[in-house]
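> this one's structure only:
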């Protein structure tokens, strides 16, 4: 039994004809910074003003930038690392983790992750959350 007061069910066009979702560069950059902070021995880059460090390195999250071009993302990240950790292996782990997390959360393909290590934190290990 149907009621004349109920609206007709509207059929949506197929998903590929409905439009597209755009993810802003700054969203990808924030996701990348958070993903880098999830790696145990990686920390935030000390902010600088005219070449002078404003607070200590390792605090906060790393600084990141991103560029999204269609379905591809290019990421740049500045961070500090605990020392004496193997820098090459640790940056490889950070790069892998960022690519996996950004891809899982956004379905973008991460083409490149450039890492700039701004400080080595001697004798410090970052606490895990």
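Great, that's in hand. Quick caveat, the model's predicted, so the values are computed rather than measured. Numbers count the residues shown, from 1 in each chain.
> all contacts plus neighbour counts: C-alpha atoms, from now on.
Will do.
> just give the number of residues close to the residue lying closest to residue 108 once chain neighbours are set aside.
Leaving aside its sequence neighbours, residue 108 sits nearest to residue 71 (CA to CA, 6 or more residues apart in numbering; 5.1 Å). Applying other CA atoms under 10 Å, we find 13 residues neighbouring residue 71.
> list the contacts for residue 71?
107, 108, 109 (CA atoms under 8 Å, 6 or more residues apart in numbering).
> helix or strand with the lowest mean pLDDT in this protein?
Using mean pLDDT, DSSP states H and E, strand 52-53 stands out as the lowest-scoring helix or strand of the chain, at a mean of 52.
> by contact count, what packs against the next helix or strand after that one?
Scanning forward in sequence from strand 52-53 by DSSP states H and E, the next helix or strand is strand 63-69. Using 3 or more CA pairs under 8 Å, 6 or more residues apart in numbering; DSSP states H and E, the elements in contact with strand 63-69 are helix 25-37, strand 72-83.
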